[in-house]
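Enquirer: Everything below, folded, please.
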Amino acid sequence: MTGKKAVWGEGKLAVYLAIDLGTTGCRSILFDSKLTQISDCYQEYGLITPRDRWVEQDAEQWWTLTLKTAKEAIKKAELPTGEIKGISVSSQGITLVPVDSGLNPLYHAISWLDTRAERQTRQIEKDFGLRHIFTLTGKPVNAAYFLPKVLWLKEEMPKIYEKTWKFLMPMDFLIAKLTGSCVTDHTMASGTLLYDIKNKVWSREILERYGLDEERLPKLRWSGEAAGVLLPEVAEELGLSKDCVVAVGAQDQRCASLGAGLKKGVMTISLGTSGAVCKYWNEARTEGDTRIGWSAYVEEGAWVTEGVVDTAAACLRWVRDTMFPGCGYDVINQEAEEAQKRGSRVLFYPYLSGGCGPDYYADAQGSFYGLNLACKRGDFALAVMEGVAFQVRIILEAMEAYEDVHRMVLFGGGSRSPLWCRIFSNITGMEILIPATAEAAGAGAAVLAGVAAGEFLREQLPSLGCGEIYRPDERQERYEEMYKQYRSLEYKLWR
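Expert: Numbers count the residues shown, from 1 in each chain. This is a model prediction of the structure:
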């Protein structure tokens with residue numbers, strides 16, 4: 001989506017380039033200092049799946065498409081030379097990129113979707129215990145994380161491991177290619193299982209246990225710090241000033257929360273293929289409940305808990321593809337709303353890829369309950385919307401959100417459905433705000449670029465303006481009854 005162009009001349013606004021490197025695509029977006037979107041360009045790329053549970057990507061393709069999309073976004077904006085004051089990156093996390101001293105990848109990037117390192121994961125669990133590793137890192141032991149992948153490389157591909165100069169993640173790789181500096185931020189480090197989340201350093205205990213050299217990891221910096229200026233050859237290729245600052249960015253969900261205005265009392269929900277629910281904290285309580293993972297945030301003295309519905313909008317896409325062939329989401333919303341008016345009470349459990357947080361039922365599967373001969377396809381669509389919202393409420397309760405949260409900012413593809421937004425408000429009992437611009441992660445990266453450029457103060461960071469507001473209505477009482485039924489049946493099925 002492209003917003004209005006900034007007006008150049010007297011009173012012109014600074015412009016920032018946000019690079020949003022996702023799992024399957026790269027988007028470059030230009031924002032002005034009021035977070036008005038000026039132009040953008042998007043390119044998809046694929047996943048490489050050589051074996052079962054192996055998921056890889058070509059890191060050089062990330063770099064090629066970063067340059068391509070950035071140049072196109074800059075061209076579309078028709079900006080005078082030198083108007084772009086800063087660049088930052090919003091990035092997929094966890095993925096491992098081993099590089100040599102020339103920043104050349106020595107092996108395909110091993111994706112966060114890759115779970116080949118099961119044996120190494122079991123060894124970590126045996127060495128530290130689930131309770132201790134969670135207290136130390138804020139994460140459960142899981143093959144998706146960075147540390148098991150490094151250990152897999154060490155054991156299964158020792159020649160590549162020995163040749164590796166730095167073990168990087170996607171954001172780190174792009175910043176290094178832009179500036180020559182190998183740095184990461186605390187939000188990216190939080191997904192490694194190598195990070196001491198309370199002391200906010202690389203964990204000496206874990207590094208020593210596995211004989212890993214901290215010098216082979218990127219330097220830890222805070223999001224919004226300057227990583228450096230553009231390398232001369234990169235500045236020339238992009239047509240930017242050699243003084244254009246490159247900011248240390250953040251993991252994409254943390255960038256999205258920043259852009260959407262996450263703070264004490266206000267949570268964020270990213271409703272895309274998966275759904276990420278984030279809550280702000282001023283202390284890390286990792287000695288408690290291990291069901292919800294912790295992350296550092298973009299500033300000192302702040303942490304985030306995140307709960308994930310693995311298949312959120314993906315469930316609605318599945319309904320579209322199987323029950324609404326050739327139809328758009330407007331038809332789905334219309335028929336779901338008709339089902340709601342009829343009083344449909346079909347329940348849906350959004351476990352199309354297995355159990356998700358916070359309970360992670362081992363045998364959970366996607367399920368509909370309460371079908372009858374009067375059901376139509378709109379009943380299925382409505383049940384999916386409600387089931388995802390019920391799951392978000394379960395996450396909110398596990399996060400103790402109802403103690404101090406009164407508002408949630410909802411963004412992502414699912415936020416385009418007014419019906420789904422109303423359902424979220426009624427099921428959670430909270431006020432739901434929809435940002436004026438959909439690209440929350442890119443906006444967060446633009447804010448970090450503005451911090452590095454000296455325009456934004458950390459105490460007064462901008463966030464996206466509000467588009468629509470939804471509040472609980474007369475349907476809330478009905479949804480309270482359905483939620484109790486949803487939880488009761490869930491316990492019978494999988495506990």
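Enquirer: measure the closest residue to Thr428 other than its chain neighbours to Glu306 for me?
Expert: Spatial nearest neighbour of Thr428, excluding adjacent residues (Cβ to Cβ, 6 or more residues apart in numbering): Arg393 at 5.3 Å. C-beta: built from backbone N, CA, C; applies to glycine. Using Cβ to Cβ, to the nearest Å, one obtains 16 Å as the distance from Arg393 to Glu306.
Enquirer: Phe324 too?
Expert: 31 Å.
Enquirer: pull the longest helix from this structure.
Expert: The longest helix of the chain (DSSP state H) is helix 377-398.
Enquirer: Average pLDDT for that helix, rounded please.
Expert: Mean pLDDT, helix 377-398: 97.
Enquirer: Just list the residues touching the residue positioned nearest the centre of the chain, thanks.
Expert: Compute the mean C-alpha point of the chain, and by Cα atoms, centre = their mean the closest residue is Gln253, 2.8 Å away. By Cβ atoms under 8 Å, 6 or more residues apart in numbering, the contact set of Gln253 is 93, 270, 276, 278, 306, 441.
Enquirer: Which SSE is immediately downstream of whichever strand or helix holds it?
Expert: Assigned by DSSP states H and E, Gln253 belongs to helix 252-260. Counting by DSSP H and E, the next helix or strand C-terminal to helix 252-260 is strand 266-271.
Enquirer: So which bits of that following strand are buried?
Expert: Residues 266-271 are the ones in strand 266-271 that count as buried (16 or more other Cβ atoms under 10 Å).
Enquirer: what about Phe324 and Glu306, which has more around it?
Expert: Glu306 (22 against 18; other Cβ atoms under 10 Å).
Enquirer: so what's that one closest to, chain neighbours aside?
Expert: Spatially, and ignoring its direct neighbours in sequence, Glu306 is nearest to Cys278 (5.1 Å; Cβ to Cβ, 6+ apart).
Enquirer: partners of that neighbour in the sheet?
Expert: Here Cys278 sits in beta bridges with Thr268, Glu306, going by DSSP bridges.
Enquirer: pretty sure it is touching Gly261, no?
Expert: No: applying Cβ atoms under 8 Å as the test, Cys278 and Gly261 come out as separate, 11.3 Å apart.
Enquirer: what touches both of these two?
Expert: Residues touching both Cys278 and Gly261 (Cβ under 8 Å, 6+ apart): Thr268.
Enquirer: ok, back up a step: how near is the residue nearest to Thr428 to Gly25?
Expert: Per Cβ to Cβ, Arg393 is found 31 Å from Gly25.
Enquirer: The two: which has the busier surroundings?
Expert: Shown here are Arg393 and Gly25; by other Cβ under 10 Å, Arg393 has more neighbours (21 against 14).
Enquirer: which residues are contacting stretch 71-80?
Expert: Applying Cβ under 8 Å, 6+ apart, the set of residues contacting stretch 71-80 from outside is 2, 5, 8, 15, 17, 28-30, 38-41, 84, 237-240.
Enquirer: can we see that at 6 Å?
Expert: 28, 30, 38-41 (Cβ atoms under 6 Å, 6 or more residues apart in numbering).
Enquirer: Including distance to Leu461 and neighbour count, could those go into JSON lines?
Expert: JSON lines is the format used below for these (distance: Cβ to Cβ, whole Å; neighbours: other Cβ atoms under 10 Å):
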{"residue": "Ser28", "distance to Leu461": "22", "neighbour count": "28"}
{"residue": "Leu30", "distance to Leu461": "19", "neighbour count": "28"}
{"residue": "Ile38", "distance to Leu461": "19", "neighbour count": "23"}
{"residue": "Ser39", "distance to Leu461": "23", "neighbour count": "20"}
{"residue": "Asp40", "distance to Leu461": "22", "neighbour count": "22"}
{"residue": "Cys41", "distance to Leu461": "26", "neighbour count": "20"}
